[in-house]
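Undergrad: Predicted structure and sequence below. I'll ask about it afterward.
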Amino acid sequence: MGKIWEAYPEDRRRDRRTSLRLARDALSEVTAAELLTAVKAYALHSAGHTRSKVSFSDNWFRLEKWRPFVEAARVEVHRPQEIAERLLSDAADAIRERKDWMYRHLPEDRVFQAVQRGLISRAEAQAAGFLR
């Protein structure tokens, strides 16, 4: 909890006891790492804003203003996996549709992964010149 308190912008920290109690309450829904990431993202997002445009720590936790920052962080965590899945899907589509101009430069390990995941058959990969 100390890390979360320290990560909150110093000029907006207020009522440490209440802020930390509310942060502990938030931990019933998110991990400490996610909440710490949310606090850091808020600090970065609100840097340079005037005091009338920012939230003091007790209000930020009470009003659950941490939620959008946690959600944004969760999306970012899954983005590389989504990109990798799309690359595999695109590779499988190119091979299945015999678009040799597209699959000609595919890395063999990507084609192998597509076969392992059942996106294409081994025979389709071999017909495209892979996995000999």
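TA: The structure has been received and is ready for your questions.
Undergrad: I would like the residues contacting the host helix or strand of Arg17, please.
TA: Taking DSSP states H and E as the definition, Arg17 sits inside helix 16-26. Outside helix 16-26, the residues within contact range by Cβ atoms under 8 Å, 6 or more residues apart in numbering are 1, 4-5, 8, 13, 35, 57-58, 60-62, 64, 66. For glycine as for every other residue, the C-beta is placed from the backbone atoms N, C-alpha and C.
Undergrad: quick one, the longest helix anywhere in the chain and helix 16-26 angle?
TA: Using DSSP state H to define each element, the chain has its longest helix at helix 67-96. Following axes from the mean of the first three to the mean of the last three Cα atoms, to 10 degrees, one obtains 30 degrees for the angle between helix 67-96 and helix 16-26.
Undergrad: Check the offset of helix 67-96 from the chain's centre.
TA: Centroid separation for helix 67-96 versus its chain: 9 Å, with Cα atoms, centre = their mean, to the nearest Å.
Undergrad: and that helix, which residues are buried?
TA: Neighbour-count burial for helix 67-96, with 16 or more other Cβ atoms under 10 Å as criterion, is recorded at 69-70, 73, 88, 90-92, 94-96.
Undergrad: Also stretch 4-18?
TA: 4, 7-9, 12.
Undergrad: Which secondary structure elements does the longest helix of the chain sit against?
TA: Other elements packing on helix 67-96 under the criterion 3 or more Cβ pairs under 8 Å, 6 or more residues apart in numbering; DSSP states H and E are helix 32-46, helix 100-103, helix 108-116, helix 122-127.
Undergrad: looking at those helices, which one has the lowest mean pLDDT?
TA: Per-segment mean pLDDT for the helices and strands packed on helix 67-96 reaches its minimum on helix 100-103, at a mean of 74.
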